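> Here you go, sequence then predicted model.
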Amino acid sequence: RVEKIVLRSRRIIITSANLIRNIITNNSSIASMNSTRYNTTQATTTSSPTATTTVLKRWPASMIESNGDYTAEAESQLEALIGGPLYEKQHNNSLPLLPVPQVKDTIAKLMDTALPLAENEAERTSFLNAVKSFEQDGFAMELQQRLVAKRQNTPNSSWLALWWNQMGYLQVRDPVVVNVSYFFHLSDDGTVLPAQSKYSLGVMRGAAALVACAEIRKEVCSGSMPHEAIGRKEPRTPLCSVAFKYMFHACRIPKLEQDAYRIYDPSVYTHCIVARK
């Protein structure tokens, strides 16, 4: 999903780069651009064919704090409020539920992952005996039945989502930037050239990337981005879009045992922070 967005961003960057180059060539200062031209609630950029006019709906609250529960009332209502193609599959029962893998399949994947880590024959034998005992003593099937029951009791969400968000994300005490946060790496863009410009390549490339990200932001925050689906044959299987709400205007809040994260109304907060050196 992230790779798909990056590829889409790079296509927009090419057009955005042409826009930035035209602005600089015409001796217009980026810093002194009319801010209303790029205002979130009435965003229009006539110089770029990919730019769109977008009006974002006001949220019931300017900020919502989440503990990782996608089914919380305040968070789930946002999807219906934002609407659009991005969330059209969320509330019409067309999303397939996350399946619970069979015990034998889980064990097979565990063996492929863990066995190569055994440093000697004794470790390998001990691990194989533990797996065999787990599979035969009935405890594995008891846990499997609990997972199936949990899946049945969460018909409007994933049985794994809350555990993943909390235990695999918000409760992790490792350094976040290194171990958790995702990032984008953009390849060199040959359309952004410093020729006949007083601005450096870094400034021009940063400006083009910023415009491209702003275009993706408008699609996500307005719900106009098409929902994603997988599969080569029709009908393709739609994917859940719930996590898109946390892509922009989101901030992780550190706490003692479990962090939280806050998402802010994009129709209210329209600024961008650029870090230099």
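Yep, it's here. Residues are numbered from 1 along each chain as shown.
> so Ile82 touches Cys221, yeah?
Yes - the pair Ile82 / Cys221 is scored as a contact, 7.3 Å apart, by Cβ atoms under 8 Å. Yep, even glycine has a C-beta here, placed from its N, CA and C like the rest.
> For this structure, which segments are assigned as strands?
Per DSSP state E, the chain carries strands over the ranges 63-66, 229-230, 237-238, 250-253, 260-264.
> pLDDT weak spots in the stretch 101-250 of the chain?
Scanning the stretch 101-250 of the chain for pLDDT under 70 picks out 192-196.
> try it again with 80
Across the stretch 101-250 of the chain, residues meeting the criterion (pLDDT under 80) sit at 156, 180-198.
> Which residue ranges of it form helices?
Assigned by DSSP state H, counting those that start in this stretch, the stretch 101-250 of the chain shows helices spanning 103-114, 121-136, 139-153, 161-165, 176-179, 201-222.
> do you know which of the strands of the chain lies nearest Val177?
strand 250-253 (10.4 Å; Cβ to Cβ).
> tell me the contacts of Arg124?
Residues in contact with Arg124 (Cβ atoms under 8 Å, 6 or more residues apart in numbering) are 115, 118.
> wait, doesn't Ala114 sit right on Ala130?
No - the pair formed by Ala114 and Ala130 falls short of the contact definition of Cβ under 8 Å, at 10.0 Å.
> Tell me which of those two has more neighbours.
Ala114 (15 against 11; other Cβ atoms under 10 Å).
> what about the closest residue to Arg252 other than its chain neighbours, neighbour count?
In space, and not counting its chain neighbours, Arg252 is closest to Tyr261: 4.8 Å by Cβ to Cβ, 6 or more residues apart in numbering. Number of residues near Tyr261 (other Cβ under 10 Å) recorded here: 17.
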